[in-house]
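for reference, the sequence and a predicted model appear below.
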Amino acid sequence: GAGVSQTPSNKVTEKGKYVELRCDPISGHTALYWYRQSLGQGPEFLIYFQGTGAADDSGLPNDRFFAVRPEGSVSTLKIQRTERGDSAVYLCASSRTSGSTGELFFGEGSRLTVL
Amino acid sequence: DAKTTQPPSMDCAEGRAANLPCNHSTISGNEYVYWYRQIHSQGPQYIIHGLKNNETNEMASLIITEDRKSSTLILPHATLRDTAVYYCIVFNAGNNRKLIWGLGTSLAVNP
């Protein structure tokens, strides 16, 4: 596709459930980022992939959060045992080069609501 | 990373220039200034970036002071569709490749 695609656009789940959020980056983009954004706040960095490997996962809040990018393209953010505080918009972005640019292309986000 | 300071909100009349300020007094010599905007319920959109020189593209102009401690994003003829939150970010491509976002400036363009 022409842009970064994220699915689902909206996800409502119950506390304690497992959730997967998918990101399909722009074709050929080697760097992929996950951010999350709470209401009224700027995006908060979670993890950055260069190819298949996580180059920086320092933003993942705890071990309930995990992300993979097995073939260097599509990425999945996985959240185990969801909590109400996980409710946010999860944003994915990709960039052309090896992460040396700050020009990122963002998707529309996946809005997660944990009841 | 150098932090940025922006006014929380601004207003602008449609058709007039919108000048959005940003302070980044602790910026290092190899750090760039990036601007993004986020229209309600959409993902952030890259606008422009610069290191030392002023920059212009089809969306906006970026004016960076000589001491690099502050910058101004200029939307020359603001339209209603420019209503958004504008983020000024200092980016270090060397040892820290992630963008650190503040709260931005909420710009309201009024008819």
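Structure received. Numbers count the residues shown, from 1 in each chain, chains lettered A, B, ... in the order given.

chain B contacts on chain A?
By C-beta under 8 Å from any C-beta of the partner chain, the residues of chain A that approach chain B are A:4, A:33, A:35, A:40-45, A:48, A:55-56, A:59, A:91, A:93, A:99-109. Placement of C-beta: from N, CA and C, glycine included.

of these, select the buried ones using a PyMOL command.
The buried residues among these can be selected in PyMOL (16 or more other C-beta atoms under 10 Å in any protein chain shown) with this line:
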select buried, chain A and resi 4+33+35+42+43+44+45+48+55+56+59+91+93+99+101+102+103+104+105+106+107+108+109
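
sitting in strands, which of the residues of chain A next to chain B do you find?
Secondary structure from DSSP state E places A:33, A:35, A:44-45, A:48, A:55-56, A:91, A:93, A:105-106 of those in strands.

so in terms of bridging, what pairs with A:Lys11?
Note on A:Lys11: beta-bridge partners A:Leu112, judged by DSSP bridges.

tell me the pLDDT of it.
With respect to pLDDT, A:Lys11 scores 98.

ok, it - contacts?
A:19, A:21, A:110-113 (C-beta atoms under 8 Å, 6 or more residues apart in numbering or on different chains).

show me which pair in these is furthest apart.
Across the contacts of A:Lys11, the longest distance by C-beta to C-beta is 12.5 Å; it joins A:Leu21 and A:Thr113.

compare the two (neighbour count), which wins?
Between A:Leu21 and A:Thr113, counting by other C-beta atoms under 10 Å in any protein chain shown, A:Leu21 is the more crowded of the two (23 against 13).

what strand or helix carries that one?
strand A:19-24 (DSSP states H and E).

that older thread, could I get the ones in strands among the residues of chain A next to chain B as JSON lines with pLDDT and distance to B:Tyr87?
Formatted as JSON lines, those follow (pLDDT from 0 to 100; distance: C-beta to C-beta, whole Å):
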{"residue": "A:Tyr33", "pLDDT": "94", "distance to B:Tyr87": "15"}
{"residue": "A:Tyr35", "pLDDT": "96", "distance to B:Tyr87": "12"}
{"residue": "A:Glu44", "pLDDT": "94", "distance to B:Tyr87": "13"}
{"residue": "A:Phe45", "pLDDT": "93", "distance to B:Tyr87": "13"}
{"residue": "A:Tyr48", "pLDDT": "91", "distance to B:Tyr87": "18"}
{"residue": "A:Ala55", "pLDDT": "87", "distance to B:Tyr87": "23"}
{"residue": "A:Asp56", "pLDDT": "90", "distance to B:Tyr87": "20"}
{"residue": "A:Leu91", "pLDDT": "98", "distance to B:Tyr87": "13"}
{"residue": "A:Ala93", "pLDDT": "95", "distance to B:Tyr87": "13"}
{"residue": "A:Phe105", "pLDDT": "95", "distance to B:Tyr87": "15"}
{"residue": "A:Phe106", "pLDDT": "97", "distance to B:Tyr87": "12"}
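
out of the residues you listed, which is nearest to B:Glu14?
Nearest to B:Glu14 out of those is A:Phe106 (C-beta to C-beta; 26.2 Å).

test my guess that that closest one contacts B:Pro44.
Yes: with contact defined as C-beta atoms under 8 Å, A:Phe106 reaches B:Pro44; the gap is 4.9 Å.
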